[in-house]
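Student: Sharing a model prediction with you, sequence too.
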There are 2 protein chains.
Amino acid sequence: MKPNSLPETHLEAWRMQYTSFWRVFAAIESDLAAAGLPSLSWYDALYELYLAPGRHLRMGQLANSALLSRSGLTRLVDKLEKERLILRKACPSDGRVQHAELTDKGVEVLRKIWPVYRAGITKYFAAHLNEAEARQVAEIFGRIRAGLEPTAEAGK
Amino acid sequence: MKPNSLPETHLEAWRMQYTSFWRVFAAIESDLAAAGLPSLSWYDALYELYLAPGRHLRMGQLANSALLSRSGLTRLVDKLEKERLILRKACPSDGRVQHAELTDKGVEVLRKIWPVYRAGITKYFAAHLNEAEARQVAEIFGRIRAGLEPTAEAGK
DNA sequence: CGATAATATTTGCCTACGCAACTATTATCT
DNA sequence: AGATAATAGTTGCGTAGGCAAATATTATCG
């Protein structure tokens, strides 16, 4: 597709996705706040650590996974560390590197957030999709995401 | 769908949309900044005014359309007004109401932003969808959005 | 081996934006 | 009409997060 060619249908798809995303996102954040829980950025970071082997990641990797800039991640990790949800560990083999490691308390918090987050995803998003549509959305947005993976920048 | 029932497929759809949205959004914002252009929040507000009959809207309506809180919109309008892209007009029939009205200079700025925005949508988003998929995405996210329209809150 | 470049993280500074409180105006109730 | 409630917008204040510069460490090149 040429860079200046954007069919009306595709533009409409973008617009719908754009506005619906913001509304769903705001609704979920609002539910979390109402339940006295931390916001999605905390969840994202904790969850990425939860998935990581050994429950730890380098700061830079975590920044990428958690969709933050490096400086943004540093501040977030400061707060998570102050709450003892993660801890920083210097890397023995490379003095420049810090690892963020999920604590048991961090796992607990993940488990507290998830029911509210899941209910929000269900109510605001999933309730409007049937099974086939969900599969298609996952596939389509998987493709879109793959076009922008940080590692794909090599061929730039 | 029960609020605690979230099939794996639907969750995967959410995750893909979530991360791909943030990446595409960041890429477009980055392109705009690199071109010395204002960010999408400016575009959104100006464009909503452009669409509105008479090219003006009440502050509250504009806040909804532009996906901002009322206070956030007030600050944004302050900046747009300072750049003469819009102007505030008191409503003659209701002293509480202010209208934001798009100026010709505002239209010009919209026209400057659009090519870069369009190229970003095309490259990062639309290039990965065929026609049928685009139609489906528009329809699905239209449904999702409809579930969260501010006006739909009445039945709450 | 020493100078220079590259890399990982942090810090200074700035902007965007939300919530709650405030002001001004209009609607409602008696 | 007068008191009270509702509504529209703005402002005070706080937090999140980005960019560019600073720092610390490691890799590379002569």
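Tutor: It's in.

Student: Look at the closest residue to A:R118 other than its chain neighbours and give its secondary structure.
Tutor: Leaving out its chain neighbours, the residue that sits closest to A:R118 by C-beta to C-beta, 6 or more residues apart in numbering or on different chains is B:L6, at 5.3 Å. (Glycine included, C-beta is placed from N, CA and C.) Of the three states, B:L6 takes coil under DSSP: H, G, I helix; E, B strand; the rest coil.

Student: Name all residues that make contact with B:L6.
Tutor: A:118, A:121-122, A:126 (C-beta atoms under 8 Å, 6 or more residues apart in numbering or on different chains).

Student: Ramachandran angles for it?
Tutor: Per-residue torsions, B:L6: phi -140, psi 100 (degrees, to the nearest 10).

Student: where's it relative to A:Y124, distance?
Tutor: For B:L6, the distance to A:Y124 equals 11 Å [C-beta to C-beta, to the nearest Å].

Student: residues from chain A in reach of DNA strand C?
Tutor: Within chain A, the residues that sit near DNA strand C (C-beta under 7 Å from any atom of the strand) are A:30, A:33, A:58-61, A:70-71, A:73-75, A:77-78, A:88, A:94, A:96-99.

Student: Recalculate using a threshold of 6 Å.
Tutor: A:30, A:58-60, A:70-71, A:74, A:77, A:88, A:96-98 (C-beta under 6 Å from any atom of the strand).

Student: Tell me the one of those nearest chain B?
Tutor: A:S30 (10.9 Å; C-beta to the nearest C-beta).

Student: What ranges does chain A have for its strands?
Tutor: Secondary structure of chain A by DSSP state E: the strands cover A:56-58, A:86-90, A:98-102.

Student: To chain B, which of those lies closest?
Tutor: strand A:56-58 (15.9 Å).

Student: what lines up beside the closest one in the sheet?
Tutor: strand A:98-102 (antiparallel) (DSSP bridges).

Student: which other residues reach the partner strand?
Tutor: Under the contact criterion C-beta under 8 Å, 6+ apart, strand A:98-102 has outside partners A:45-46, A:49-50, A:54-59, A:62, A:77, A:80-81, A:85-91.

Student: re earlier: highest average neighbour count across the strands of chain A?
Tutor: Sort the strands of chain A by mean neighbour count, taking mean count of other C-beta atoms under 10 Å in any protein chain shown, and strand A:98-102 sits at the top with a mean of 22.

Student: Report the rounded mean pLDDT for that one.
Tutor: Mean per-residue pLDDT for strand A:98-102: 98.

Student: ok, and does it reach over to DNA strand D?
Tutor: No: Strand A:98-102 stays clear of DNA strand D (C-beta under 6 Å from any atom of the strand), getting no nearer than 10.4 Å.

Student: what ranges do the helices span in chain A?
Tutor: Here chain A has its helices, by DSSP state H, at A:8-34, A:40-51, A:59-65, A:70-82, A:104-120, A:131-146.

Student: got CSV for these, with mean neighbour count too?
Tutor: Below are the helices of chain A laid out as CSV (neighbours: other C-beta atoms under 10 Å in any protein chain shown):
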stretch, mean neighbour count
helix A:8-34, 18
helix A:40-51, 20
helix A:59-65, 19
helix A:70-82, 15
helix A:104-120, 17
helix A:131-146, 18
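
Student: closest one to DNA strand D among the ones you listed?
Tutor: helix A:70-82 (2.4 Å; C-beta to the nearest atom of the strand).

Student: The closest one to helix A:104-120, inter-axis angle?
Tutor: Angle, helix A:70-82 to helix A:104-120, by axes from the mean of the first three to the mean of the last three C-alpha atoms, to 10 degrees: 110 degrees.

Student: How far off centre is helix A:70-82?
Tutor: 15 Å (C-alpha atoms, centre = their mean, to the nearest Å).

Student: circling back: would you turn the helices of chain A into TSV with distance to B:I140?
Tutor: Listed next are those as TSV, based on distance: least, C-beta to C-beta, whole Å:
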stretch	distance to B:I140
helix A:8-34	8
helix A:40-51	22
helix A:59-65	26
helix A:70-82	31
helix A:104-120	18
helix A:131-146	6
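
Student: what's the closest of the ones you listed to B:G142?
Tutor: helix A:8-34 (4.9 Å; C-beta to C-beta).
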